[in-house]
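[1] sequence? don't have it. structure:
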């Protein structure tokens, strides 16, 4: 569903990505670990079309982002560290607005169903986003991805700043999306949550993917040791 082929990105004398190759299959949650500047966010931004690679190619469902970006991004949804929504609108109104931007029009009952599926409590649907916690905003972001019917979801530090309860809820929701066949690429610093939520984990250093591990074959402590050895 997602494929990076020898992706390289240079900014002047700095190489942010250096021949990155990775794949994310249907129904897989691939977590990218690495220090700040390792290339995690740059990788996601290239898939989103926010940044053009110096060389190499990013593909979404086989469609190259660089030459057919609009078509490629139809398969995609993005949940950043801070989900940017309109504070003066309710959760339901935000979902309706962003669904319409993506070309989808849903009746109120379906919008409510998306919010429920994303784990947002019913009583919050009609409250303004200005009163939402970060975890509640993330759930609206997931509802938007559901409404868009995105086959692949990119996430950049989605659990940063969440308390343990909200992180656990988020993990359960993301695993449910993968069980339905959604593909997830998540950049994170959270080693322990990566083991809990991911199917595979990649460790990046200086723009390269230096390790890829299956979460079924490694514990959180062993992953932490490997990570510390790598960086």
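    Noted; the coordinates are in hand. Since we're looking at a predicted model, the values are computed, not measured.

[2] next, the buried residues of stretch 175-184.
    177, 178, 182, 183, 184 (16 or more other Cβ atoms under 10 Å). Quick note: C-beta positions are derived from backbone N, CA and C, even for glycine.

[3] repeat that for stretch 71-88.
    For stretch 71-88, burial by neighbour count (16+ other Cβ under 10 Å) applies to 72, 73, 74, 75, 76, 77, 78, 79, 80, 81, 83, 85.

[4] mean confidence for it?
    Here stretch 71-88 scores 91 as its mean pLDDT.

[5] which elements pack onto the longest helix belonging to the chain?
    Counting residues, the longest helix in the chain under DSSP state H turns out to be helix 164-179. Judged by 3 or more Cβ pairs under 8 Å, 6 or more residues apart in numbering; DSSP states H and E, helix 164-179 is in contact with strand 29-33, helix 134-147, strand 183-187, helix 191-197.

[6] is residue 36 in a helix, a strand, or coil?
    coil (DSSP: H, G, I helix; E, B strand; the rest coil).

[7] for burial, what's the neighbour tally of it?
    Other residues near residue 36 come to 7 when the count uses other Cβ atoms under 10 Å.

[8] so how far is residue 48 from it?
    19 Å (Cβ to Cβ, to the nearest Å).

[9] what does residue 3 give?
    Applying Cβ to Cβ to residue 3 and residue 48 gives a distance of 15 Å.

[10] please apply the same query to residue 111.
    Applying Cβ to Cβ to residue 111 and residue 48 gives a distance of 25 Å.

[11] show the end-to-end separation of stretch 198-215, please.
    This stretch, stretch 198-215, spans 7 Å end to end (Cα to Cα, to the nearest Å).

[12] just grab the bridge partners of the most centrally placed residue in the chain for me.
    Nearest to the mean C-alpha position of the chain, counting by Cα atoms, centre = their mean, stands residue 155 at 1.7 Å. Bridge pairing for residue 155 (DSSP bridges) gives the partners residue 79, residue 186.

[13] check what pLDDT it gets.
    94.

[14] which residues touch it?
    Applying Cβ atoms under 8 Å, 6 or more residues apart in numbering, one finds that residue 155 lies in contact with 78, 79, 80, 174, 184, 185, 186, 187, 188.

[15] which one of those residues is nearest residue 119?
    Closest approach between the contacts of residue 155 and residue 119, by Cβ to Cβ: residue 174, at 10.4 Å.
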